[in-house]
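1. here is my input, please return the structure:
(2 chains)
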There are 2 protein chains.
Amino acid sequence: MTLYLHLAQLLGERIEQGLYRPGDRLPSVRALSAEHGVSLSTVQQAYRVLEDSGLAAPRPKSGFFATAGATLPALPAVSRATQRPVDISQWDQVVEMVREGPSKHTVALGCGMPDITSPTLKPLLRSLARLSRRLDMPGLYYDTLPGTPALREQIARLLVNSGCRLGADDILITAGCHEALSCSVRALCQPGDIVAVDSPSFFGSMQTLQGLGMKALEIPTDPLTGISLPALELALEQWPVKVIQLNPNCNNPFGYIMPEANKRALLSLAQRYDVAIIEDDVYGDLAYEYPRARTIKSFDTDGRVLLCSSFSKTLAPGLRMGWVAPGRYQEQVAHMKYIGSGCTATQPQLAIADFIAGGHYEPHVRRMRGQYQQSRDEMTAWVRRYFPAGTRVSRPRGGFMLWLELPERFDSVALNQALKGQGVQIAVGSIFSASGKYRHCLRMNFAARPTAQIEDAVRKVGQTAAQLLAAG
Amino acid sequence: MTLYLHLAQLLGERIEQGLYRPGDRLPSVRALSAEHGVSLSTVQQAYRVLEDSGLAAPRPKSGFFATAGATLPALPAVSRATQRPVDISQWDQVVEMVREGPSKHTVALGCGMPDITSPTLKPLLRSLARLSRRLDMPGLYYDTLPGTPALREQIARLLVNSGCRLGADDILITAGCHEALSCSVRALCQPGDIVAVDSPSFFGSMQTLQGLGMKALEIPTDPLTGISLPALELALEQWPVKVIQLNPNCNNPFGYIMPEANKRALLSLAQRYDVAIIEDDVYGDLAYEYPRARTIKSFDTDGRVLLCSSFSKTLAPGLRMGWVAPGRYQEQVAHMKYIGSGCTATQPQLAIADFIAGGHYEPHVRRMRGQYQQSRDEMTAWVRRYFPAGTRVSRPRGGFMLWLELPERFDSVALNQALKGQGVQIAVGSIFSASGKYRHCLRMNFAARPTAQIEDAVRKVGQTAAQLLAAG
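-> Residues are numbered from 1 along each chain as shown, chains lettered A, B, ... in the order given. Predicted structure coming up:
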């Protein structure tokens, strides 16, 4: 761990332990520099991390102060490394989540749904309806292999926000980020190949690796800064890693944004060991800060980063609209797209292109960012209120997912089972690991506007968890 | 070749050579039985084949007569076997077809588009528009893994027409038949596995096998009756074939419907050698005869047939709506669907379910069947008029594809090249083979209502072909 991250962690723990209450002045930069024997700029970097985590805030000419964030629950632990690449299982638990649809009687805290009730989505529905109204409508034709040019152009424009300078020709449209990730892995790997991943990791990517016969090498990952670069380097030295696959912005499920310096360092590592990077940016536009964080792809100079994303989290998942900017692997990824699904549905592409070109995307995403940030605070407060003491909670900086860590002996699969009769469902932690770790963890969705019904659901989860812990 | 097929071919050739003119009485069943030393029922079977091919027609109590079909051009040859499983290439030629979209300046005779201008499609567009009109519309949600129950139920009802007794739970929705085929192959095979295929074969399936690292074993295929069963049996004896993949109804590109007896015999073979069958039925509902021919799946008793189809040819391809009834492989195919694209778009599923439930599917398909049959005759006449003498032509019994065979030395790739400046495009024959055969063949689409513009395009293709042949 670098010096400033170490220092940030140390200070963060002191704040969380209550040594500093909200509003208390924190040690000066100079004092800490002397105390820890590090440079002034190292301390400043550490404070920036604390700021990003919502634990400290600067006041002009007065130094740093502990914030309300100091009342946050403790963070989940840094994930531990598996010692070797492993085959992935847990399909039985994933399929339980994806086989059943939404039900009026269940609060599905485990699902990946964004809130799709915002009026800022209306222009999209109008476009969809307008496109359908004419006979011989363009949405009935086969699309071209790369996807509709109108949409690819709009995506290229949006990508400027994350620092990417790409053209429409650099982009392939896919059926959601899911197909983008799947085509990327298939373009790069053969069965048996090793893929290094952040951990915990989106269960969909885990299953994709499993289904394609790849092995996952889980790299320890920090809940605030992402994949551990020293551990990754060690892995690259020890194993013939083919690809690094990760989700650095508004990570699912941890919610961190990987620091820019780490992104650059990761890219250097990939260059040094000549491996490709599959970058999942599906939550990237939902970062609470503006302007949003850059992608690793934005630093890519030799086309080794395959940037995958979609409109499933920003607009609506039922449209199945994603994309990939595959860099130097464009030809292979296009082939994999062709053999997987032929081409993409036309009408939603045209409708989304309309929506963006009409200037509706930015206001919509801005509104959702604000809503999700508020819901995060609400959800975090509920977890504090209703979950057993000692529950560790992530501090998402974007998106709408909260990650909870309970004591090691806790079993989230048993929890989900116990919740079935109560009309609540959560995502069990074990599906976020190739090796079945994180069974004591769970993920909850806070996309919907907070309601008494949701609070009640969270209360049920917390209380049931407490009962299970007491019984176990 | 069986006796009756041999006899049918012999008689067919005589009719085609002009020994019998349209309206002439053909030899009696009794006379032929004596002449060829075969049973009466063998002759009757042969006449049934001639009837199916449009070469002969029975008159009550008067025997069989040569029909207008006697003026048809000769059939393409039975395809020859490759001696061994081969790797598939030709991606460069396929990508040329699928990279470019439709253009006002090009008559795309090579594409797979159905006619989507029929007013019988209007209720579908109305459903699409109606679904889009409400906020919080159901089409914005993630679908479940198997697909929307409403659509699966309707598909199960439609499948009764092809003899299948399946329930909604036996069906998975996919992004077109393309994804259905791709998931099926991936569920059954590992890279290096051998898949026996009819030949010529849909280029999309060829590319899927290639992209997944399978080897294709091309089995000789008759332009009237489909895959050769003796040749298939020999292949099953010689090679460790994992799957038989074929397109028995309204075959693409030959247009034949495999006789029911052959379908049963093929299934027995598959049982004997314990291999699975992937049955592509994407054109099946477009058979000109009513009721439509049964699927191999309809005879399946032990779940070894994976039936793949879609609405791309019957309704519209831009919707990307297909399905698979994977029999005993359901769990594996569902997993492959999940890792390939997660789930399917929701809105078009609901719209199509509406369309079928509203009773609009049958009238639409009936209308299209009639139109395509007429267009086939028109297109066949144009080919006779404008193509070099000796051009062999398929006799489709469904769908909207014509397959042309020119002399061996002819090069359809050069033809397509030469047509570029003339605003016409055809599908080159070589992409329908794993081993680059059929370069002297081409496929043309006759879905659109015949117009002077299309006739002009066919004339250009024919004349350019003649010029190339003269120059070569």
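
2. neighbours of the closest residue to chain B within the stretch 351-472 of chain A, how many?
-> Closest contact between the stretch 351-472 of chain A and chain B, by Cβ to the nearest Cβ, is at A:Ala351 (8.2 Å). C-betas here are computed from N, CA, C, even on glycine. A count of neighbours around A:Ala351, defined by other Cβ atoms under 10 Å in any protein chain shown, yields 25.

3. what of A:Gln463?
-> 14.

4. which ones are touching it?
-> A:Tyr386 (Cβ atoms under 8 Å, 6 or more residues apart in numbering or on different chains).

5. kindly recompute the last result at 10 Å.
-> Contacts for A:Gln463 were tallied using Cβ atoms under 10 Å, 6 or more residues apart in numbering or on different chains; they are A:386-388, A:422.

6. could you list the low-pLDDT ranges of chain A?
-> A:1, A:16-18, A:68-71, A:81-83, A:87-88, A:101-102, A:134-136 (pLDDT under 70).

7. domain ranges for it?
-> By the assignment in automatic domain parsing, chain A contains the domains A:3-71, A:91-116+A:367-471, A:119-361.

8. A:Ile257 bridge partners, please.
-> A:Asn249 (DSSP bridges).

9. list the contacts for it?
-> So A:Ile257 contacts A:52, A:224-226, A:248-251, A:263, A:283-284, A:287-289, A:292-294, A:396-399 (Cβ under 10 Å, 6+ apart).

10. over to A:Phe202?
-> A:112, A:177-178, A:181, A:208, A:245-247, A:251-253, A:280, A:282-283, A:401, A:431-432.

11. same question, A:Ser184
-> Counting by Cβ under 10 Å, 6+ apart, A:Ser184 touches A:174, A:205, A:208, A:243, A:245, A:276-280, A:306-308, A:324, A:326-327, A:329, A:332-333, A:336-337.

12. got the CA coordinates for the strand or helix carrying it in PDB?
-> Using DSSP states H and E, A:Ser184 sits in helix A:176-188. Taking C-alpha atoms only, helix A:176-188 is exported to PDB below (Å, rounded to 0.1, in the frame of the first residue of the first chain):
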ATOM      1  CA  GLY A 176     -26.300  -4.500 -22.900                       C
ATOM      2  CA  CYS A 177     -22.900  -4.400 -21.200                       C
ATOM      3  CA  HIS A 178     -23.400  -8.100 -20.600                       C
ATOM      4  CA  GLU A 179     -22.900  -8.900 -24.300                       C
ATOM      5  CA  ALA A 180     -20.000  -6.400 -24.500                       C
ATOM      6  CA  LEU A 181     -18.200  -8.100 -21.700                       C
ATOM      7  CA  SER A 182     -18.900 -11.600 -23.100                       C
ATOM      8  CA  CYS A 183     -17.700 -10.700 -26.600                       C
ATOM      9  CA  SER A 184     -14.600  -9.100 -25.200                       C
ATOM     10  CA  VAL A 185     -13.700 -12.200 -23.200                       C
ATOM     11  CA  ARG A 186     -14.400 -14.500 -26.100                       C
ATOM     12  CA  ALA A 187     -12.300 -12.300 -28.400                       C
ATOM     13  CA  LEU A 188      -9.300 -12.400 -26.100                       C
END
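
13. any idea which of the domains of chain A is most buried?
-> Comparing those on average neighbours per residue, with mean count of other Cβ atoms under 10 Å in any protein chain shown, the densest one is domain A:119-361 at a mean of 22.

14. and chain B, is stretch A:314-329 touching that?
-> Yes. Using Cβ under 10 Å from any Cβ of the partner chain, stretch A:314-329 reaches chain B at A:315-322.

15. strands - which of the residues you listed land there?
-> A:Gly322 (DSSP state E).

16. tell me the one among the residues of stretch A:314-329 next to chain B nearest to A:Val107.
-> For these, the closest approach to A:Val107 (Cβ to Cβ) belongs to A:Pro317, at 17.9 Å.

17. gap between stretch A:298-317 and the chain center?
-> How far stretch A:298-317 lies from its chain's middle: 12 Å, per Cα atoms, centre = their mean, to the nearest Å.

18. actually stretch A:354-365, not the one I wrote
-> Taking mean C-alpha positions (Cα atoms, centre = their mean), stretch A:354-365 and its chain are 22 Å apart.

19. same question for stretch A:52-69.
-> 26 Å.

20. then stretch A:168-183?
-> Distance, centroid of stretch A:168-183 to centroid of chain: 17 Å (Cα atoms, centre = their mean).
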